[in-house]
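Q: Sequence and computational prediction follow.
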Amino acid sequence: MNFESINYDDYEIKTPYPKLTTTQKDEAIITDLIYSYGGSKSELTAITQYIYQSFIVKPNNNYLGLSRLLEQISIKEMHHLELLSQILISQGINPKFCRYIDNNYDICSPWSSNNVKYITDVEEFIKYNIEIENDAIDEYRQIVQKSQNDNISEIILRIIEDEESHIQIFTKILEILQNG
């Protein structure tokens, strides 16, 4: 399978991320930001999901290009995790890898590796990746709708652009898998 024909840089969004300049509190989105950061379908989960997938396909020489693409997407998700951590810090929240209980920022349910879907069928996990990227976009759009802070909204909108490019990559991978 010719996954080398997919060049990650061709899908890379060249627009820089807006700089975080705000300290204005935006209580309406904090819970959603925390979930996007360290919840069951969070950036942390996406990073771990894609790295796991990269590891399981790497031993197969036919999937080395796919493994590399998954690693590159995971690295981009790491950048999103960093951006969300900085936003949370600006909001006075300690960016723990957990879901806070009842909006009490002292008690949290820790992130779990059980959040990762350990799917080994390549076509099936690529379809799942498209699904979780779409879910992330939906969650981010809800954050932007609720947000009272233009600076945070601009950063989230830029993250959405990356997630959309990931869907394009996963869709291209799926086409290669199905047309082999």
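A: Sure thing, it's come through.
Q: In the protein, which helix is the longest?
A: For the chain, the longest helix by residue count, based on DSSP state H, is helix 150-179.
Q: Which residue, other than its chain neighbours, is closest to the residue nearest in space to the middle of the chain?
A: Centroid check for the chain by CA atoms, centre = their mean gives residue 43 as the closest residue, at 3.9 Å. Distances taken as CB to CB, 6 or more residues apart in numbering place residue 81 nearest to residue 43, at 4.2 Å, with adjacent residues excluded. All C-beta spots, glycine's among them, are computed from the backbone N, C-alpha and C.
Q: Check the gap between residue 141 and residue 118 for me.
A: 29 Å (CB to CB, to the nearest Å).
Q: Helix, strand, or coil at residue 96?
A: Secondary structure, DSSP: H, G, I helix; E, B strand; the rest coil: residue 96 is coil.
Q: correct me, but it touches residue 44?
A: No. Applying CB atoms under 8 Å, one finds residue 96 not in contact with residue 44, separated by 10.6 Å.
Q: Need the overlap of contacts for those two.
A: residue 38 (CB atoms under 8 Å, 6 or more residues apart in numbering).
Q: Of those two, give the one with the bigger neighbour count.
A: Taking neighbours as other CB atoms under 10 Å, residue 96 and residue 44 compare with residue 44 leading, 23 against 16.
Q: mind checking the SS state of the more buried one?
A: helix.
Q: Verify the contact between it and residue 38 for me.
A: Yes. Using CB under 8 Å, residue 44 is in contact with residue 38, at 5.2 Å.
Q: Pull up the overlap in contacts between these two.
A: 97, 111.
Q: ok, and what's touching the helix or strand where residue 99 lies?
A: Following DSSP states H and E, one finds residue 99 within strand 98-101. With contacts defined as CB under 8 Å, 6+ apart, strand 98-101 is touched by 31, 34, 35, 38, 39, 40, 107, 108, 109, 110, 111.
Q: can we see that at 10 Å?
A: The contact list for strand 98-101 (CB atoms under 10 Å, 6 or more residues apart in numbering) reads 30-31, 34-35, 37-40, 42, 44, 93-94, 106-112.
Q: And those, which of them are buried?
A: 30, 31, 34, 35, 37, 38, 39, 42, 44, 93, 108, 111 (16 or more other CB atoms under 10 Å).
Q: of these, closest to residue 70?
A: Using CB to CB, residue 44 is the member of the buried ones among the contacts of strand 98-101 that lies nearest residue 70, at 15.8 Å.
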